[in-house]
Every structure is written in structure tokens, then in C-alpha cells.
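Q: Below: sequence and its predicted model.
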Amino acid sequence: MTCAWNRTILALALIATTASANVPEQKPLDAEHSVVLAAAPEKPGHFVLYIVSSATNQKLLTLDPDAQGTISSTPTLEVLPGGAVYLHFFGDYGFYGGSIKYVYDLTSTAPPGKIPYPRIALTAAAHEQGKLRYWASDGPRNATIFIDPHDAALPSYRFFVDDAFNPEPVPVSLHGPGGEFVRVENTPLGQAHRPAAIAIGSGATENRFPVPIPTLDLYHRTLPEKQSPGEIESDIGPYEQRGDRIWFASTFYDSEGTSGIGAIGSFDISSRHYEMRYLPAIASWSGSAILLDNHDLWIGLKRRPEGAEISGGLLRYNIATGAVKTYPIPDVIFTISRAGDALYCGTSHGLYMLRADRLTQLRFEPDATGKLTMIPRPIGK
């Protein structure tokens with residue numbers, strides 16, 4: 001079951017004024033219209049949003065005469081097929097600060113609708129009886145979203161307010177072929193950094209095996225365009241065990257004199273041996289999520305600079321053939337799950353569905369009545 005987007009049909013009378021050619025951002029709305037975002041004259045932090053004729057550049061409809069950012073935040077314009085117009089605000093260091101959705105009808109005389117809202121992030125996932133359960137948050141509020149895959153083009157979904165919201169993932173239990181205890185060690189938050197390792201055994205019989213750290217020479221050969229860092233990190237990011245082998249993506253801070261090389265790593269528990277694959281497709285990125293699906297290793301890519309994290313997309317690596325492909329997911333990936341015939345990625349802006357090599361974003365946002373609705377958006381079209 002999918003909810004229809006019940007738009008309020010609203011508009012202003014046509015305004016016979018010519019739009020300024022000096023605008024910071026202009027995007028096509030359809031074959032005949034474009035949307036313009038311009039800075040308000042002599043009002044720092046204020047913006048004007050309007051629709052123009054693509055043929056004559058005449059202003060036809062003012063969506064917002066005074067869209068306000070802040071001293072440290074400015075809007076970016078997004079236009080989706082079907083007449084949806086958005087402003088998304090980002091502040092210093094790329095941190096997200098809220099969105100405004102505009103609904104309108106160029107054939108009506110009523111004013112456009114203006115709906116402020118925060119994006120919904122899907123930060124953790126679990127499988128429950130063939131369905132996917134996501135822990136979702138828009139910042140101040142938390143909820144549960146159930147996704148039910150089926151043969152239709154889009155999955156069905158349900159929203160529930162979750163007072164027992166718990167975004168913490170369930171710890172993964174790792175064991176060796178003889179039943180020995182295996183633990184991934186990374187530096188605890190807030191403590192001085194030390195090399196990551198995989199520990200085997202417990203108590204006095206525990207042995208630590210530090211993850212390989214790239215040399216400065218390997219860093220220069222792999223990333224020749226980047227300056228030399230003062231320190232190279234190589235921690236164990238998301239990981240998954242298959243048999244006697246632990247697969248993982250490396251992670252590293254990439255700012256203030258610290259950097260690293262992204263890698264696909266594996267650790268053989270029996271031989272206590274690491275194998276690191278410094279592939280060009282991952283060399284600039286840390287891992288944010290992982291799924292080993294038959295022979296395909298799926299990895300969410302992200303950059304960890306000083307400020308907001310940046311998405312590098314979804315990497316597909318075939319562990320049998322070494323084939324690599326990256327899918328353009330622009331939001332940071334938190335979870336990767338297989339359900340039915342599709343792959344689902346919970347991200348900082350909704351859910352992404354990959355089916356038959358076609359990518360669709362499923363965003364959860366309010367309609368004109370304030371009800372949360374799933375809005376599909378094809379990616380790459």
C-alpha cells in the first residue's frame with residue numbers, strides 16, 4: 001500500500017514582470033517553466049523563490065517572497081518531476097538545518113503552500129517476518145517505519161511513533177572455527193586514537209592482531225593528488241563474518257592533518273592474516289555500512305571531514321571476480337539490507353531501493369495536510 005501525495009492545489013495570478021538574469025540558481029521545472037532562487041536585495045540571509053517562463057523569462061508565480069536562512073545557513077534548490085519544489089538549508093561545515101516544501105498550481109489563483117519540515121533519517125534496521133523495520137528520526141522526533149517488499153514497483157509501508165526508540169545497533173557476535181571468542185577493537189569515542197585490531201580469545205589467552213596501516217609511500221601512490229598527512233589512520237569500519245573470514249571496510253578521519261586510504265579488508269581467523277584491497281573506487285572513502293550478499297559485498301561510502309559527513313555512494317564489490325561498481329546515492333548510508341528482489345539502504349534522507357540495477361529514493365515527508373507520505377524519486381533520470 002502506498003499513500004498518494006494529496007497536494008493542495010494553490011497558486012497566484014500571473015505576474016507580468018521580467019525575471020532578473022543575474023540569479024544564483026535556476027532549474028527547469030518542466031518543458032515550459034523554470035524555478036529561480038535569488039538573493040533578496042539588501043537583505044542578507046533572505047531569498048526569493050519564483051517560477052518563470054522558459055521561453056520569455058517572465059516571472060509567473062512567486063513561491064516565496066521571503067525565504068529566510070540564517071547568518072550561517074543558505075538554501076539549495078531542488079526540483080522534482082511532477083511539480084515539487086524544495087529548499088534545503090545547510091549551515092557551516094555542511095550541517096543540515098531544515099527544509100521547505102512548496103505546493104502550487106499554475107492554473108489557480110490561490111497562494112502556494114509552504115510546508116517547513118526536517119528530513120527523516122533511517123539510522124538502524126532489522127528483519128522481522130520478511131519485512132524491514134527501520135528506526136527513523138527527524139531530529140526531535142523518533143518513529144518506526146515498516147517496509148513490506150512485494151512484487152509491485154514500490155514496497156508498502158507503515159509509520160508508528162516509537163516511545164521505546166533505540167537507535168543503537170545490536171552487537172554482532174563473532175566466533176572462530178573452534179568456537180573461540182573474536183572481537184573487533186576500535187578506539188572508544190573520546191579517547192586518544194590507537195590502531196584498530198581484531199582480538200581472538202579471552203583473558204590471559206587473548207591475542208590482538210592490529211589492522212595494517214598504509215605507509216606514506218602507498219598513500220602517495222594511491223592518492224597522488226592529496227597532500228601528505230601528518231598521521232595515517234586505518235580503523236575497522238562496518239564488518240560482517242562469513243565462515244572463518246571477517247570482511248570489513250576501513251574508516252579514517254580525513255581532516256586536520258589526519259587521513260587514510262579507503263580499503264576493502266578481510267581477516268582470516270584461522271591463519272590470523274589480513275588481506276587489504278586498496279581499490280581506486282574506495283581509496284578516498286571510509287565505509288559506513290556493509291552487507292555480504294552471496295558473492296556481492298555492498299559498502300556504503302562516506303567521507304569524515306571536519307563537519308558533516310559526505311556520501312560517496314554505494315559500492316558493489318564481487319568477492320569472486322573482483323568486479324566493482326558504484327551507485328550514486330547522495331545521502332550518507334547507515335544500513336544495507338536485502339529483502340525480496342531488492343536491496344534497501346537506510347540513509348540520512350530516507351530509503352534507497354536498488355532493484356534490477358535501477359535506483360529509487362523513497363523519501364518520507366509531509367503532504368499538504370501534514371501527513372507523512374512516501375515520495376518515490378528515480379535516481380539517474
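A: The structure has been received and is ready for your questions. Numbers count the residues shown, from 1 in each chain.

Q: Quick check: pLDDT value at G190.
A: Per-residue pLDDT puts G190 at 68.

Q: whoops, V103 was the one
A: Looking at V103, its pLDDT stands at 89.

Q: What count of nearby residues applies to the closest residue to it other than its chain neighbours?
A: Nearest residue to V103 in three dimensions, chain neighbours excluded: G113, at 4.1 Å (Cβ to Cβ, 6 or more residues apart in numbering). From N, CA and C alone the C-beta is placed, and that goes for glycine too. Neighbourhood size, G113 [other Cβ atoms under 10 Å]: 18.

Q: same deal with the one 4 residues further on?
A: Here the count is done by other Cβ under 10 Å, and Y117 has 16 residues near it.

Q: What of D30?
A: When neighbours are counted by other Cβ under 10 Å, D30 registers 13.

Q: Need the phi and psi values for it.
A: The phi/psi pair for D30 (degrees, to the nearest 10) reads phi -160, psi -160.

Q: who touches it in this structure?
A: Shown in contact with D30 (Cβ atoms under 8 Å, 6 or more residues apart in numbering): G83.

Q: Swap in 10 Å and give it another go.
A: Taking Cβ atoms under 10 Å, 6 or more residues apart in numbering as the criterion, D30 is in contact with 51, 54, 79, 81-83, 106.

Q: What separation is there between L106 and L37?
A: Plainly put, L106 is 18 Å away from L37 if you go by Cβ to Cβ, to the nearest Å.

Q: more crowded one of these two?
A: When L106 and L37 are compared for neighbours, L37 comes out ahead with 22 against 17, by other Cβ under 10 Å.

Q: Who are the contact partners of that one?
A: 23-27, 47-50, 63-64, 67, 74-77, 85, 87.

Q: make it 8 Å
A: By Cβ under 8 Å, 6+ apart, the neighbours of L37 are 23-26, 47-49, 75, 77, 87.

Q: Likewise for W298?
A: 290-292, 314-317, 336, 343.

Q: one more time with 6 Å, if that's ok
A: 291, 316, 336 (Cβ atoms under 6 Å, 6 or more residues apart in numbering).

Q: ok, now V85?
A: Remark: with contacts taken as Cβ under 6 Å, 6+ apart, V85 is in contact with 35, 79, 102.

Q: so where do the helices sit in the stretch 101-250 of the chain?
A: 216-222 (DSSP state H, counting those that start in this stretch).

Q: Verify the stated contact: P118 with G139.
A: Yes. Counting by Cβ atoms under 6 Å, P118 does reach G139; the two are 5.2 Å apart.

Q: More neighbours: those two, which one.
A: P118 (15 against 11).

Q: Not counting its neighbours along the chain, what's nearest that one?
A: Using Cβ to Cβ, 6+ apart, the nearest residue to P118 is D138, at 4.1 Å.

Q: Kindly report the same for E206.
A: What sits nearest to E206 in space, not counting adjacent residues and going by Cβ to Cβ, 6+ apart, is A199, at 5.4 Å.

Q: Quick check: bridge partners of the one you found?
A: On the basis of DSSP bridges, A199 is bridged to R183, R208.

Q: Contact partners for it?
A: When contacts are counted by Cβ under 6 Å, 6+ apart, A199 touches 183, 185, 206, 208.

Q: mind redoing it with 10 Å?
A: Applying Cβ under 10 Å, 6+ apart, we find A199 in contact with 174, 181-185, 206-209.

Q: list the contacts for the closest residue to P238 other than its chain neighbours?
A: Closest residue to P238 apart from its sequence neighbours, by Cβ to Cβ, 6+ apart: I290 at 3.8 Å. Applying Cβ under 10 Å, 6+ apart, we find I290 in contact with 237-240, 247-249, 264, 297-300, 315, 333, 335-336.

Q: Can I get the helix or strand containing I290 as PDB, trimmed to CA atoms?
A: Secondary structure from DSSP states H and E places I290 in strand 286-293. Provided in PDB are the C-alpha atoms of strand 286-293 (Å, rounded to 0.1, in the frame of the first residue of the first chain):
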ATOM      1  CA  SER A 286      35.500   5.400   4.600                       C
ATOM      2  CA  GLY A 287      32.900   2.700   5.000                       C
ATOM      3  CA  SER A 288      29.600   3.500   6.600                       C
ATOM      4  CA  ALA A 289      27.600   0.200   6.300                       C
ATOM      5  CA  ILE A 290      28.200  -3.300   4.900                       C
ATOM      6  CA  LEU A 291      26.300  -6.300   3.600                       C
ATOM      7  CA  LEU A 292      27.700  -9.500   2.200                       C
ATOM      8  CA  ASP A 293      25.000 -10.800  -0.200                       C
END
